[in-house]
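**Q** Take this sequence and fold it.
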Amino acid sequence: MESHDEATHLYRIAQEALNNAIKHSGAKKMTVQLQPRLLTVRDNGCGFDGENSSVGRGLHIMRHRARLIGASLHLRSVPGSGTTVQCAFPLSSR
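**A** Modelled structure (predicted):
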């Protein structure tokens, strides 16, 4: 896979995480951080209980995009304390 494709998938993962925060969390603050091998999107919204909530299509799409680039996607959310989405990805060989 070309690095352009990898960058596009990372961009779309961040976009979906931010879109979810805007639509569902009531967050006042959202941050996006890109480091070598790690994309992190955080919000200070309402969070949710992953055990008792339905998983939306957006999360499935983010996980699919992560798999396409050999990455892993991790979601941490605590009711009342916001949500963090992390995508750990390999550095492109290009």
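
**Q** How is the most centrally placed residue in the chain classified with respect to secondary structure?
**A** Nearest residue to the geometric centre of the chain (CA atoms, centre = their mean): residue 85, 3.9 Å. Following DSSP: H, G, I helix; E, B strand; the rest coil, we place residue 85 in the strand state.

**Q** Please look at it and residue 19 and confirm they touch.
**A** No. The pair formed by residue 85 and residue 19 falls short of the contact definition of CB atoms under 8 Å, at 11.3 Å. In this view, the C-beta of every residue, glycine as well, is placed from N, C-alpha and C.

**Q** quick one on the thing from earlier: contacting residues for the residue nearest to the centre of the chain?
**A** Under the criterion of CB atoms under 8 Å, 6 or more residues apart in numbering, the neighbours of residue 85 are 13, 17, 40, 41, 42, 62, 73, 74, 75.

**Q** before we move on, which element is the closest residue to the third one other than its chain neighbours in?
**A** It refers to residue 40. Using CB to CB, 6 or more residues apart in numbering and skipping the chain neighbours, the partner closest in space to residue 40 is residue 33 (4.5 Å). Using DSSP states H and E, residue 33 falls within strand 30-35.
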